[in-house]
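# Predicted model, plus sequence, below.
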Amino acid sequence: MRKSRFSESKIVGILHEVESGIKVADVCRTHGISAQTYYVWNSKYGGMW
């Protein structure tokens with residue numbers, strides 16, 4: 001399986017950006033991920049903070 005471009009700490013940081021009020025689409029565009037990837041990460045790493 002291929003290693004992710006993003007570490008767990010970076011993923012949690014991206015999730016925090018959406019929590020702070022930035023739209024999901026804007027965050028995804030900025031970091032080069034799909035909305036589907038964001039929601040998978042949210043279900044997997046959502047409780048880490």
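Thanks, I have it.
# And the strand or helix carrying Ala25, what's buried?
When secondary structure is defined using DSSP states H and E, the element that contains Ala25 is helix 24-31. Judged by neighbour count using 16 or more other Cβ atoms under 10 Å, the buried positions of helix 24-31 are 27-28, 31. In this view, the C-beta of every residue, glycine as well, is placed from N, C-alpha and C.
# which secondary structure elements does the next helix-or-strand element following that helix contact?
Of the helices and strands lying after helix 24-31 in sequence (DSSP H and E), the nearest is helix 35-45. Applying 3 or more Cβ pairs under 8 Å, 6 or more residues apart in numbering; DSSP states H and E, one finds that helix 35-45 makes contact with helix 8-19, helix 24-31.
# so where's this protein uncertain?
By pLDDT under 70, the weakly predicted segments of the chain are 49.
# roughly how far apart are the residue lying closest to Phe6 once chain neighbours are set aside and Thr37?
Excluding the flanking residues, the one nearest Phe6 by Cβ to Cβ, 6 or more residues apart in numbering is Ile14, at 7.4 Å. Here the criterion is Cβ to Cβ, to the nearest Å. By it, Ile14 lies 10 Å from Thr37.
# More neighbours: the two, which one.
Ile14 (20 against 16; other Cβ atoms under 10 Å).
# Could you double-check that that one sits in contact with His31?
Yes: applying Cβ atoms under 8 Å, one finds Ile14 in contact with His31, separated by 5.8 Å.
# any common contacting residues for these two?
With contacts defined as Cβ atoms under 8 Å, 6 or more residues apart in numbering, the residues adjacent to both Ile14 and His31 are Phe6.
# Thanks a lot, see you next time.
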